[in-house]
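could you work out the structure for the sequence below:
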Amino acid sequence: MGGVKDQAVLYYDIISPYSYFYISQRHRLEQWMDIHPVPVLLGGLLRAAENRGPGEITAKRPHTYQHCVWLAEKLGLPFRFPEHHPFLTVAAQRLLTQESADWVMIEKAFKYVWVEGKDPNLSWEQFCEYLGLESTTPKPEDPEIKTQLVNNTEKARLDGAFGVPALVLNGHCFWGLDTMDWVLDYAKRPSMFEEPSYLHASNVPRGI
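Next comes the predicted model:
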């Protein structure tokens, strides 16, 4: 594909194994778009949507976690759950914000959690070294970095994100690994959301 590529934003949080899977598969999209990664706080998105993550729902937790094991096998990806899950990612997400993390650093952060099976909070020095930073790098406390991460999360909400991974392309938000094929179809058919069936689906009245 020649010419100027579309610009897309991918909102992520290292707490999400599906974000790990998505990032590992992003090459499928890169022929069509440039993807700019933006760290957010999944907890903030969930609270804004009055929702909870699958790890906090008793019946959904084992199903989701076992699905991740199966999916990693299908994708041929190394995969290991961290010591416990969910865990707080505020410090790690602030660090990625502070460092304006590129894809190389982001991939390392996800691998630390989902390949090494580590919680950065329990091994902060090692986490920093894994990212290529000094082991003495402190947990970010700069008010500007804290505000930027909060603003990233709010921007994601305004863009229509209610979870991660969430890719936003031309004002349309696609949530989850299983929407990657949908993104590709949309990139090839940009008038998709103007079609009658899509317009109708977005305005179906509530029945309850």
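
from here on, just use CA atoms for contacts and neighbour counts.
Fine.

give me the helix or strand of the protein that scores worst on average pLDDT.
When the helices and strands of the chain are compared on mean pLDDT, DSSP states H and E, helix 42-48 comes out lowest with a mean of 93.

next, the buried residues of it.
L42, G43, G44, L45, L46 (16 or more other C-alpha atoms under 10 Å).

distance from that helix to the middle of the chain?
Centroid separation for helix 42-48 versus its chain: 13 Å, with C-alpha atoms, centre = their mean, to the nearest Å.

can you offset everything so residue one is 324?
With the count now opening at 324, the last piece we talked about shows up as helix 365-371.

returning to that earlier point: tabulate the buried residues of helix 365-371 (a markdown table), appending distance to K478.
Below are those laid out as a markdown table (distance: C-alpha to C-alpha, whole Å):
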| residue | distance to K478 |
| --- | --- |
| L365 | 13 |
| G366 | 14 |
| G367 | 11 |
| L368 | 10 |
| L369 | 14 |
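
returning to what we had before: other residues contacting the least confident helix or strand of the chain?
With contact meaning C-alpha atoms under 8 Å, 6 or more residues apart in numbering, helix 365-371 is reached by 335-336, 338, 375-376, 476-477, 479-480, 484-487.

sec struct for S423, please.
The three-state label given to S423 by DSSP: H, G, I helix; E, B strand; the rest coil is coil.

where do the strands sit along this structure?
Ranges of strands in the chain, per DSSP state E, are 329-335, 356-362, 489-492, 495-498.

between those, which gets nearest to S423?
Ranking the strands of the chain by distance to S423, with C-alpha to C-alpha as the measure, places strand 356-362 first at 8.8 Å.

how about the closest one: buried residues?
For strand 356-362, the neighbour count (16+ other C-alpha under 10 Å) marks M356, I358, P360, V361, P362 as buried.

out of these, flag the one nearest to A415.
Among the buried residues of strand 356-362, and counting by C-alpha to C-alpha, the member closest to A415 is P362, at 9.6 Å.

now do the closest one against Y335, distance only.
Relative to Y335, P362 is positioned 5 Å away (C-alpha to C-alpha, to the nearest Å).

where in the protein is pLDDT low?
Residue ranges of the chain with pLDDT under 70: 324-325.

I'd guessed P362 sits against N474; true?
No - assessed by C-alpha atoms under 8 Å, P362 is found out of contact with N474, at 10.3 Å.

this completes my enquiry, with thanks.
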